[in-house]
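Enquirer: any chance you could fold what I've pasted below:
(one chain, ligands or ions: 3)
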Amino acid sequence: MSNEANKKLFIQTLGCQMNDTDSQHIIAELNKHKGYTQTQNMEDADLIVINTCSVREKPVQKLFSEIGQFNVKKKEGAKIGVCGCTASHLGNDIMKRAPYVDFVLGARNISKIKDVVDKKGAIEIDIDNDDSTYEFARAETSIYKTNVNISIGCDKECTYCIVPATRGDEISIPPEMIIEQIQKDVKTGAVEVMLLGQNVNSYGRRFSDGRAKYSFTQLLKDVSKIEGLERIRFTSPHPLHMDDEFIEEFASNDKISKCIHMPLQSGSTKILKAMKRGYSKEWFLNRTKKIRDLVPDVRITTDIIVAFPGETREDFLDTIDVINQVKFDQIFNFKYSPRPNTQALELKDDEIADDIGSARLTQVIDLHKEHQSELMNANIGKTFTVLFESLKPNGEVAGLTDNFMQVFVKGSDELLGRFVEVKITAASRTSLKGEVVE
Ligand code: SAH
Ligand code: SF4
Ligand code: F3S
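Expert: Ligands and ions are numbered 1, 2, ... in the order given. Here you go, the predicted structure:
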């Protein structure tokens, strides 16, 4: 039997970067309050936690097959907890389908992990729970990077999206807590921060203490004043809230990474309206043009959903048109997946046949591959500043440019944690190779 001080936690994380950060918090909280240490071996664990995602149907199916496996293979007496977005929206149904689950903890209730962990049958899925001022134990992060949540929940009502139902209304984390967290991480070696939220650039509209509004642009200015912090990234921003002030700060602030995620979803103004995204095709193109005019070497990434209900061939061609005009550096493609608690379910009669959806997805993927090759090849011969972060088994060192391209060079651990000038000698669609410039 394991003694109190030596309990092992195995945690599996599905979903987005917010779930990653929540998992880091779970690990830190269970370590501080309950003495758990992490193991990578599920069969050795006293507690198995799965931090789930609900955004599409597939990950939900994955959850039940996964915990079934855990239950068969787990150590005698080990507990199983289901956390995250699927916990939020399925709640008690999880226990009904999988009675061996010990507790269920919704995405907005992560601070309660230390209470539910020893309470067989506990279900904490309060969608109004406010963790925005809870001081989590120090989360373990990479030495050079830190991920910091700036808001919880989402106030949008994108009609396809389950996230507002799993993470609740948007509440911003007070700026002084964010700054303090980053300062602590910088003291222990971080040079880069990733600011996280479902909708980062609507930051500051509501705080739980009712204080005055604040803006994301102001937060960026504040964070960039932190001494020793070299790079600021953020995700996800919403194209609707990319006002001129924000774009100008993005362009002129040297600490802000020049890679921006602009989730388009669809290029058709009609479909964007049905999705309740709040912007048009023209607005999106106008914003990308302004960003490119001000920051010529900017990289722009996006999310696309094909086959939203009612998407005609013309609508889809509008999406292709935007992809051709913007030439995204990376596209995360999805086929529309109907989700519970979403308004788009009402459009059931207009759903697109699966084979048409798959063909559209393939068309987006193929076009994007062409653009990626063209864009990445154009880097050969150029010199970039790279922050090196990890050693590869083949003797290469991997790092990222300011605009978020992966670069490999031959070298040693001397390069780690340093910003180094690298001349690019070769390119694939997803990464670059280069030589350190002495
Ligand atoms: N808050 C983020 C999105 C989080 S979900 C944002 O607005 O950018 C990540 C992506 O999953 C979304 O951008 C969307 O492209 C995709 N997605 C969300 N719901 C979906 C659904 N029902 N079907 C297919 N893709 C979906
Ligand atoms: Fe979902 Fe829209 Fe909120 Fe993003 S902004 S999490 S897509 S509702
Ligand atoms: Fe998934 Fe929840 Fe993130 S649904 S994408 S884990 S916000």
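Enquirer: need the contact partners of the lowest-mean-pLDDT helix or strand in the chain.
Expert: Lowest mean confidence among the helices and strands of the chain (mean pLDDT, DSSP states H and E): helix 57-73, at a mean of 88. Helix 57-73 has contacts (CB atoms under 8 Å, 6 or more residues apart in numbering) with 12, 14-15, 42-43, 48, 50, 52-54, 80, 82, 86, 90, 97-98, 100-101, 337-339. Any C-beta I mention is one placed from the backbone N, CA and C, and that applies to glycine too.
Enquirer: which bits of the stretch 201-350 of the chain sit near ligand 1?
Expert: 236, 238, 263, 265, 303, 305, 334, 336-337, 339 (CB under 6 Å from any ligand atom).
Enquirer: and the residues you listed, which two are furthest apart?
Expert: H238 and S337 (20.5 Å; CB to CB).
Enquirer: neighbour count: the two, which is higher?
Expert: The residue with more neighbours, out of H238 and S337, is H238; 21 against 18, by other CB atoms under 10 Å.
Enquirer: contact partners for the residue lying closest to that one once chain neighbours are set aside?
Expert: Spatial nearest neighbour of H238, chain neighbours left out: N199 (5.0 Å); criterion: CB to CB, 6 or more residues apart in numbering. N199 makes contacts with 151, 154-156, 170, 236-238, 241, as judged by CB under 8 Å, 6+ apart.
Enquirer: surely Y336 is in contact with I304?
Expert: No - in this structure, Y336 is not within contact of I304 by CB atoms under 8 Å, at 10.5 Å.
Enquirer: gap between G395 and L195?
Expert: As judged by CB to CB, to the nearest Å, G395 and L195 stand 34 Å apart.
Enquirer: neighbour count for those two, which is higher?
Expert: L195 (23 against 9).
Enquirer: what's the closest non-adjacent residue to that one?
Expert: F234 (4.1 Å).
Enquirer: who are the packing partners of the helix or strand hosting that neighbour?
Expert: Using DSSP states H and E, F234 falls within strand 231-235. Secondary-structure packing of strand 231-235 (3 or more CB pairs under 8 Å, 6 or more residues apart in numbering; DSSP states H and E): strand 192-196, helix 216-224.
Enquirer: need the next SSE after that strand, C-terminal direction.
Expert: Immediately after strand 231-235, counting by DSSP H and E, sits helix 244-252.
Enquirer: after that following helix, next one along is what?
Expert: strand 259-261.
Enquirer: so that following strand, near ligand 3 or not?
Expert: No - using CB under 6 Å from any ligand atom, strand 259-261 never reaches ligand 3; the gap is at least 13.4 Å.
Enquirer: so K348 sits against G310, correct?
Expert: No - assessed by CB under 8 Å, K348 is found out of contact with G310, at 10.8 Å.
Enquirer: for the stretch 151-300 of the chain, what lies in contact range of ligand 2?
Expert: 154, 156, 158, 161, 163-164, 198-199, 238.
Enquirer: let's have these in TSV, adding pLDDT.
Expert: Output for these, formatted as TSV (pLDDT from 0 to 100):
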residue	pLDDT
C154	97
K156	96
C158	98
C161	98
V163	97
P164	96
Q198	96
N199	96
H238	98
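Enquirer: now for T430, how many residues are close by?
Expert: Neighbours around T430, by other CB under 10 Å: 10.
Enquirer: equivalent analysis for F316, please.
Expert: There are 24 residues near F316, going by other CB under 10 Å.
Enquirer: for the stretch 1-150 of the chain, what spans make up the helices?
Expert: 17-34, 57-73, 85-90, 92-97, 113-116 (DSSP state H, counting those that start in this stretch).
Enquirer: returning to what we had before: considering the residues of the stretch 201-350 of the chain next to ligand 1, which is situated nearest to D413?
Expert: Using CB to CB, those come closest to D413 at S236, 33.2 Å.
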